[in-house]
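Visitor: Sequence and computational prediction follow.
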Amino acid sequence: MFTDKVKIKFQAGRGGHGIVSWRREKALPKGGPYGGNGGCGGSVTLITDEQLASLEHLRNRRLIGAKNGDAGKTANKTGKTANDIIIRVPVGTIVRDSLTGAILYRLETTGETVCLCKGGRGGLGNSCFKTPTNQAPNKCTPGKPGELADVEIELKIIADIGLVGFPSAGKSTLISQVTKVPFKAAAYHFTTLQPNVAVLEFDDYSRIRIADIPGIIDGAHQNRGLGHAFLKHIERCSTLVYVLDMSMLCKDPLNDFAILKKELQHHNPALLEKHFLVALNKIDCPESQESVDEFFKVHSDLKAKTFSISSSTGEGVGALVDAMRALAQTNGKCFA
């Protein structure tokens, strides 16, 4: 299951307690206070990782806590500081306060870190309370409690490129073709029920993330065919590629394109402002060329680049990939 939102409580560790201890040596009958301070509790830190595409690894976590610091030691030794907990999240993650809904952090760049809750400071040992007038303090302090964060973590941007189309348009086959990652594809509707996100890496080690969005149908904005959930995922893609079926199995490819744009507009007009490409798929099928010619004729004034491709044979896919990379770089989302 694709996980794009989780609610978790994070608890930083408590600081270790300071201790009361005395220096006892034969040569020093009045050795004085010898108690050390407690160690600091562990903190909880979030860091973005471009290799992650969902919050699946956090789906069943309800409480994540760091360890407490150790108590102070004799001989004025400070207790061990607890290790911090590092939580990795995808780029494009938003952290909200669970109670108020206020946005606490936006994590939009690779390697960005935030301290979600800080570990408590260690308590003071009795050595810290020695004064000229009090040479033998019998006092120490407890460690401070760690901070608590009750947050909702949501993945706002899931990919640089989102593949949008009707069911069985060939989106899963296309993403498998370009990334060499096998995804389930079959000749029936709704093979894909959750977004599949894959990373396409180039020779210069730059990467783009491509999402196979589950198929949209007419009336999706009214939640037909889980439309609301699927349209929500489109909002989380920086740019779009409309994948249209040009084969005989599709009754009206031209109308499909109009329906897709209509559904996006009804759901959120801002979706039509995203940069996009058009992929006329399945040109290897008989009589597909007639549909392709008709599309170019009707949409001769279309500003977006349009490509005739076959996701099965790979024909024309290379040029489409080059255009997707250029589009991702234009939007500043091509990771190097």
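Guide: Happy to help now that I have it.
Visitor: Correct me if wrong: residue 242 contacts residue 260.
Guide: Yes - counting by Cβ atoms under 8 Å, residue 242 touches residue 260, with 6.0 Å between them. Placement of C-beta: from N, CA and C, glycine included.
Visitor: Report the set of residues contacting both of these two.
Guide: Among the neighbours of residue 242, those also in contact with residue 260 (Cβ atoms under 8 Å, 6 or more residues apart in numbering) are 164-165.
Visitor: what does stretch 319-333 contact?
Guide: By Cβ under 8 Å, 6+ apart, stretch 319-333 touches 157, 160-161, 178, 200, 202, 206, 208, 210, 238-239, 241, 275, 277, 279, 305, 307, 309, 334.
Visitor: how does it look with 7 Å?
Guide: 160-161, 178, 202, 208, 238-239, 241, 275, 277, 279, 305, 307, 309, 334 (Cβ atoms under 7 Å, 6 or more residues apart in numbering).
Visitor: Among those residues, which are located in helices?
Guide: Using DSSP state H, the members of the contacts of stretch 319-333 that fall within helices are residue 178.
Visitor: Hmm, which of the contacts of stretch 319-333 is lowest in pLDDT?
Guide: Lowest pLDDT of the contacts of stretch 319-333: residue 334, 43.
Visitor: Return a PyMOL selection command for the buried portion of the contacts of stretch 319-333.
Guide: Buried members of the contacts of stretch 319-333, defined by 16 or more other Cβ atoms under 10 Å, are picked up in PyMOL with:
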select buried, resi 160+161+178+208+238+239+241+277+279+307+309+334
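Visitor: Give me the subset of the contacts of stretch 319-333 that lies in strands.
Guide: Members of these lying in strands (criterion: DSSP state E): 160-161, 208, 238-239, 241, 277, 279, 307.
Visitor: Looking at those residues, which two lie furthest apart in space?
Guide: 238 and 307 (18.9 Å; Cβ to Cβ).
Visitor: hmm, back to that, any chance of the ones in strands among the contacts of stretch 319-333 in a markdown table, plus distance to residue 110?
Guide: Output for the ones in strands among the contacts of stretch 319-333, formatted as a markdown table (distance: Cβ to Cβ, whole Å):
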| residue | distance to residue 110 |
| --- | --- |
| 160 | 13 |
| 161 | 17 |
| 208 | 13 |
| 238 | 15 |
| 239 | 18 |
| 241 | 23 |
| 277 | 25 |
| 279 | 28 |
| 307 | 29 |
